[in-house]
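# Here is a sequence with its predicted model. Questions after.
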Amino acid sequence: MEHNITKSLYNQSIVSYAYHKMVLDESGKPVDYIFLDVNHAFELQTGLKKADILNRSIREVTPDIGKDEFDWITAYGKLAMEGGTLEFEDYSGSLDKWYKVSAYSDEPLHFHVFFFEITAQKKERQRLELLAKTSEKFLQSPITDLDYSVFTDDLMKLTNAKFIAFNIIEANSTTLTTMAISGISDAISQTSRLLGFNLLGKRWGIYPSRYERIKDNIIYRFDNLLDLAEPTLPPKLVTMVQNTFKLGYIYLVRIMREEKEIGDFTLFMSAGEELVNEELVLLYAHQVGLLITRHLAEKTLKRKLETENMLTRLSSNFLNAREDNLTQVIDTNLNIIGQYTLANKCYLLVQEGAKANFCTVHEWTSLKDITHKTQFDPFDISKYPFFQSKLSERKPWIINSLRDIPLDAVLERDIFRKQKTKGAITIPIYMKEDIFAILGFLYYDESFGWDTSDLSLLNIIGDIFAGAFTRIETEKELRHSEERFRGYVEHSPESILVADQNGNLVYANEASSKITGYKLEELIGMNIASLLAPQTLERGMKHFQQVVSEGKAMDRLTFCTKDGSQKTCVVSAVNLSSERFIAFVSDISNLG
């Protein structure tokens, strides 16, 4: 009667129960065990039917039991032979489930097993441990270069998604870039082939209609892939991908920092499945947001230092530029700017002849894009009204794609297409009030990431070029002016003398030699007092002091020549600076 009551309790229990007999080999070693009884809960939890397993061995019922990490037969064999109790948690690979197990033996070679499934609790605990380890890893790891695939790999372990993509939103908030994808690699490659482009590194437009749908949600569920992709991809192509991989709901998990979206996880579910562990997903996305924010802050600081270094190098190079080495300096600076901007090509178009005509005088191409190294043909900017109108705005402009060029700008769009350009930056360079040159950058791949927030830097780069060209042109004009002046001074019939603040001569022209009788090399270094006759020495020195103090003076003075003769001269003097004074001396001795 007691046995029947006990058996009835076992059968009604929600805890799984099984009664076994151990099987030994000839040497007395446990090698198998037989099912003598199981309750209803056992059938529900394991999926094994009582009628199918009674009086059968565990090796018959679950042939893969030997592949499990835990040695069930040895553990139960020791219990059945020695008696006592046994408690443990372990994973059954053959059933793909975790169990909490309590067992005891009250009869030799026989044992009772009570267990209940803890798979859900175990996975939850594993997810929390993963989340904790991830948080610790995020806080401790250097983030100069983030491995974005870690984000998607970890999130795959926390969810039941089939594929997960991680996207970063560009600074201008109108495009996002796919940085990592996790899932079945062959399926990801096949998807790229079906779509006709590589998913990794792909830049996507963010459309207002999409933002309006998701703006009030951190997690948003799209009904299917077509619902997510519209209007970025052709519907037929999207439907084909969806059917090929049996995709269902698509969950968009937005990564936010200070109410601003900086990226997202896109989770692709199998048809008929919904996302589990939403709270863990939200927590993980928050942690990723913190890491990315830190990464962006450090990246911004690093970029700021790189920018300051780049601008310093440009300015320093141009300070040392002269007319005879300007070509070399410009080529060096285009190289510096090209590497800093990650451009595929940098060029400088300089005005030639008519104001509307430009030609390429300098061009830099990155080594990886050497195949694009082709000179621009000289062109008349007036034939390209869109380009001309943008240049007239006197500020840099950015073209992120062909969409940024109006449809009616046929010639401009044709240039863009022929060069297979993905993006371009143009900086007009003005000298005085007229455009003098155009500094440009071309991008042939998807890495182009400049936006309107970078315009101030582009303006500075343009100003550095403009300042250098203006200085060199001014120096050139000054040099020509000095040459013309020197020619006038050298051949002037009038004596021209230049003295320092002490009255010592530092320059004299040929006419001065004729008036004084001294050779030019003799005059240099003489004091003006040595040229004055004794009767006008005091008056002459007062004349010099007047020039020093008042900036100019004019008087009639008597000069004493080398041979002792005297000449009456009109001396008109002005100061060139606080240390240089010029005098124009006219001999009037023969005028009576």
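Arrived safely, thanks for sending. This is a predicted model, so every value here is computed, not measured.
# and stretch 500-517, how far apart are its ends?
The straight-line separation of the ends of stretch 500-517 (CA to CA, to the nearest Å) is 22 Å.
# Any buried residues in it, and which?
Going by neighbour count (16 or more other CB atoms under 10 Å), the buried part of stretch 500-517 is 503, 505, 508-509, 511-513, 515-516. C-betas here are computed from N, CA, C, even on glycine.
# And the contacts of stretch 497-514?
Stretch 497-514 has contacts (CB atoms under 8 Å, 6 or more residues apart in numbering) with 489-496, 518-520, 523-529, 541, 544, 548, 576, 578-583, 585.
# Also stretch 581-592?
The set of residues that contact stretch 581-592 without belonging to it, under CB under 8 Å, 6+ apart, is 494-501, 512, 515, 528, 544, 547-548, 556, 559, 567-576.
# same deal with stretch 110-118?
14-22, 33, 36, 41, 45, 76, 79-80, 89, 97-106.
# Mind doing that once more with 7 Å?
With contact meaning CB atoms under 7 Å, 6 or more residues apart in numbering, stretch 110-118 is reached by 15-21, 45, 76, 79-80, 89, 97-105.
# in the stretch 451-592 of the chain, which spans are helices?
For the stretch 451-592 of the chain, the helices defined by DSSP state H, counting those that start in this stretch cover 455-491, 510-516, 520-523, 537-550.
# the helices in the stretch 201-350 of the chain, which residues?
Assigned helices in the stretch 201-350 of the chain, in chain order: 208-214, 225-229, 235-244, 278-319, 326-341 (criterion: DSSP H, counting those that start in this stretch).
# quick one, which of these is nearest to residue 70?
Across the helices of the stretch 201-350 of the chain, the minimum distance to residue 70, taken as CB to CB, is reached by helix 278-319, at 27.3 Å.
# what distance separates the closest one from the centre of its chain?
8 Å (CA atoms, centre = their mean, to the nearest Å).
# looking just at contacts, which helices and strands does it meet?
For helix 278-319, the elements it packs on are helix 119-140, helix 148-158, strand 247-257, strand 260-270, helix 326-341, helix 455-491, judged by 3 or more CB pairs under 7 Å, 6 or more residues apart in numbering; DSSP states H and E.
# CSV for those, including mean pLDDT and distance to residue 408?
Written out in CSV, the entries for these read as follows (pLDDT from 0 to 100; distance: least, CB to CB, whole Å):
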stretch, mean pLDDT, distance to residue 408
helix 119-140, 66, 50
helix 148-158, 86, 41
strand 247-257, 92, 37
strand 260-270, 92, 35
helix 326-341, 89, 30
helix 455-491, 81, 25
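# can I get the ones you listed in a markdown table with distance to residue 533 and mean neighbour count?
Rendered in a markdown table, the data for the helices and strands packed on helix 278-319 read as follows (distance: least, CB to CB, whole Å; neighbours: other CB atoms under 10 Å):
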| stretch | distance to residue 533 | mean neighbour count |
| --- | --- | --- |
| helix 119-140 | 92 | 14 |
| helix 148-158 | 92 | 19 |
| strand 247-257 | 89 | 20 |
| strand 260-270 | 87 | 20 |
| helix 326-341 | 53 | 18 |
| helix 455-491 | 26 | 14 |
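# Reformat those as CSV; add distance to residue 204.
Compiled in CSV, those are given as follows (distance: least, CB to CB, whole Å):
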stretch, distance to residue 204
helix 119-140, 26
helix 148-158, 16
strand 247-257, 12
strand 260-270, 10
helix 326-341, 23
helix 455-491, 24
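# So for residue 174, which of those sits nearest?
For residue 174, the closest of the helices and strands packed on helix 278-319 is strand 260-270, at 12.0 Å, according to CB to CB.
# C-alpha coordinates for the closest one, CSV please?
As requested, C-alpha coordinates have been extracted for strand 260-270 and formatted as CSV (Å, rounded to 0.1, in the frame of the first residue of the first chain):
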residue,chain,number,x,y,z
LYS,A,260,21.0,61.1,-29.9
GLU,A,261,21.2,58.0,-32.0
ILE,A,262,24.8,57.0,-32.7
GLY,A,263,24.2,53.5,-34.1
ASP,A,264,22.0,50.4,-34.1
PHE,A,265,21.8,46.7,-34.0
THR,A,266,19.6,45.1,-36.6
LEU,A,267,18.4,41.6,-35.6
PHE,A,268,17.1,39.3,-38.3
MET,A,269,14.8,36.6,-36.9
SER,A,270,13.8,33.3,-38.5
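# right, and the helix or strand after the helix or strand of the chain with the lowest mean pLDDT?
Ranked by mean pLDDT, DSSP states H and E, the weakest helix or strand in the chain is helix 2-12, scoring a mean of 54. On the C-terminal side of helix 2-12, the nearest following helix or strand under DSSP states H and E is strand 16-24.
# quick one: whichever helix or strand comes after that next one to chain centroid distance?
Scanning forward in sequence from strand 16-24 by DSSP H and E, the next helix or strand is strand 30-38. Going by CA atoms, centre = their mean, the spacing between the C-alpha centre of strand 30-38 and its chain's C-alpha centre is 64 Å.
# Buried residues in stretch 76-94, which are they?
Of all the residues in stretch 76-94, those buried under the rule 16+ other CB under 10 Å are 76-81, 90-92, 94.
# do stretch 419-435 as well
Applying a neighbour-count criterion of 16+ other CB under 10 Å, the buried positions in stretch 419-435 are 419, 421-431, 435.
# Where does the prediction get shaky in the stretch 251-400 of the chain?
Applying pLDDT under 70 to the stretch 251-400 of the chain flags the ranges 352-356, 360, 367-379.
# let's go with 80 and repeat that
258, 290, 294-297, 299-300, 351-361, 367-382, 400 (pLDDT under 80).
# same question, the stretch 451-592 of the chain
The stretch 451-592 of the chain contains residues with pLDDT under 80 at 451-455, 478, 481-488, 591-592.
# circling back: so of the buried residues of stretch 419-435, which ones are in helices?
Using DSSP state H to define helices, no part of the buried residues of stretch 419-435 is located there.
# Quick check: the two most widely separated of the residues you listed?
Distance extremes for the buried residues of stretch 419-435: the farthest pair is 422 and 431 at 31.2 Å, using CB to CB.
# can I assume residue 102 sits in a strand?
Yes - membership of residue 102 in a strand is supported by DSSP: H, G, I helix; E, B strand; the rest coil.
# in terms of contact, does it touch residue 87 like I think?
Yes - between residue 102 and residue 87 a contact is recorded at 5.0 Å, counting by CB atoms under 7 Å.
# And the strands in the stretch 301-450 of the chain?
For the stretch 301-450 of the chain, the strands defined by DSSP state E, counting those that start in this stretch occupy 345-351, 357-365, 379-380, 397-399, 423-431, 434-443.
# I'm done for today, thanks for sticking with me.
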